[in-house]
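A.B. asks: Got a predicted model here, sequence first, then my questions.
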Protein chains: 4
Amino acid sequence: MADSGAETGGIAADHLKSFIERIERLEEEKAAIANDVKEVYAEAKGTGFDVKIMRQIIRLRKMEPNDRAEQEELLDIYMRAVGMVA
Amino acid sequence: MADSGAETGGIAADHLKSFIERIERLEEEKAAIANDVKEVYAEAKGTGFDVKIMRQIIRLRKMEPNDRAEQEELLDIYMRAVGMVA
Amino acid sequence: MADSGAETGGIAADHLKSFIERIERLEEEKAAIANDVKEVYAEAKGTGFDVKIMRQIIRLRKMEPNDRAEQEELLDIYMRAVGMVA
Amino acid sequence: MADSGAETGGIAADHLKSFIERIERLEEEKAAIANDVKEVYAEAKGTGFDVKIMRQIIRLRKMEPNDRAEQEELLDIYMRAVGMVA
DNA sequence: CTGCCATTTTACCGGC
DNA sequence: GCCGGTAAAATGGCAG
């Protein structure tokens, strides 16, 4: 076998396995953090905050102020166009 | 003001801010790890591996641990009932 | 065998099959309509409209005006709390 | 006013409104069908069938038609490489 | 740059 | 009636 590319016999198999395991480790870490996030939301909710609004806040803070303003303006225009007061 | 629940004047505002910032920090960490994952995939791809299949592998390996055998029996019965071979 | 409940031998199997097929037909119809929706969005986009904003409009129109006002107010409060101007 | 693109004064507003209303009508139809689906599940449940398993069946039947056999071969190779039995 | 795929978010449904 | 998980929608990212 010429072993062009990545046939998975021999060392290629080991290589693949290594990649997979590295990714799985990272995914585990990521999942752990995602879980932490969930817990913070849960705690906030328990304190009386509205989770959905909190998500909106976080989304808005992530946006460039300019983009945000533009979107709001456009939304406003569309709303008038379809007859929603403001 | 009775401050029942989570009105966001005074300390409640601080509390909310604190929650938001905790989440944002965690999301940053998560994004960093997600980026690492992406890089590993890119490296694997450069080595000649098929990223899409790799994702499948990882998905499958994550599913395996579940002892879903319990439900599979009933599923099997239903499958026979509707004419799916097995 | 007493055939109480829904063991899937005999007529029960036929019954199950019938339910499944009815659902599958309905799901097909639903998918077709979902596709139509997609096409309308595509056409609107081709005319120069912003699809994302359109989705927002539709979401807002689906909400009770009261609820919408409440959410906006709450969002506003939260924004001030975390120091976003308005 | 040059009316390049889709400013929403005049006819553009009408156009937008028309798109929105078409989508809303389609979404209504879709919701009606979704409701029918729900009713069939309810009826099946009343007959003694397990709704969750039924959903699984339908999911599986939707997947089958795909001739995924092509990719399965490569998947198989990769699975062996990382030590998954088959 | 368009369409596709993956992730994320929202809504729904069944269980307790 | 709420909570948790499960499926649908939607947004964002990537390849072609």
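C.D. replies: Sure thing, it's come through.
A.B. asks: is it true that residue A:51 touches residue A:40?
C.D. replies: No: under the criterion of Cβ atoms under 8 Å, residue A:51 is not in contact with residue A:40, lying 10.0 Å apart. C-beta here means a position set from N, CA and C on the backbone, and glycine is covered the same way.
A.B. asks: Who has more neighbours out of those two?
C.D. replies: Between residue A:51 and residue A:40, counting by other Cβ atoms under 10 Å in any protein chain shown, residue A:40 is the more crowded of the two (19 against 12).
A.B. asks: Contacts only, for residue A:37.
C.D. replies: Residues near residue A:37 by Cβ atoms under 8 Å, 6 or more residues apart in numbering or on different chains: B:23, B:26-27, B:30.
A.B. asks: Residues of chain A that sit close to DNA strand E?
C.D. replies: A:34, A:52, A:55-56, A:59 (Cβ under 7 Å from any atom of the strand).
A.B. asks: how about CSV for the contacts of residue A:37, with neighbour count added?
C.D. replies: As requested, those are exported to CSV (neighbours: other Cβ atoms under 10 Å in any protein chain shown):
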residue, neighbour count
B:23, 20
B:26, 18
B:27, 15
B:30, 18
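A.B. asks: Out of the residues you listed, which comes closest to residue C:64?
C.D. replies: Sorting the contacts of residue A:37 by how near they are to residue C:64, with Cβ to Cβ, puts residue B:23 at the top with 28.8 Å.
A.B. asks: what about the closest one, helix or strand, and which?
C.D. replies: If you go by DSSP states H and E, residue B:23 is part of helix B:11-46.
A.B. asks: Go through that helix and flag the buried ones.
C.D. replies: Taking 16 or more other Cβ atoms under 10 Å in any protein chain shown as the basis for neighbour counts, the residues of helix B:11-46 that come out buried are B:12-13, B:15-17, B:19-20, B:22-23, B:26, B:30, B:33, B:36-37, B:40-41, B:44.
A.B. asks: give me the number of residues near residue A:56?
C.D. replies: By other Cβ under 10 Å, the residues close to residue A:56 number 16.
A.B. asks: From chain B, how far off is it?
C.D. replies: Applying Cβ to the nearest Cβ, to the nearest Å, the value for residue A:56 to chain B is 11 Å.
A.B. asks: Quick check: chain neighbours aside, which residue is closest to that residue?
C.D. replies: With Cβ to Cβ, 6 or more residues apart in numbering or on different chains as the criterion, residue A:56 has its nearest non-adjacent residue at 5.9 Å, and that residue is residue C:75.
A.B. asks: Counting neighbours, what do you get for that neighbour?
C.D. replies: Residue neighbour count, defined by other Cβ under 10 Å, stands at 18 for residue C:75.
A.B. asks: Same check on residue A:49?
C.D. replies: Applying other Cβ under 10 Å, we find 24 residues neighbouring residue A:49.
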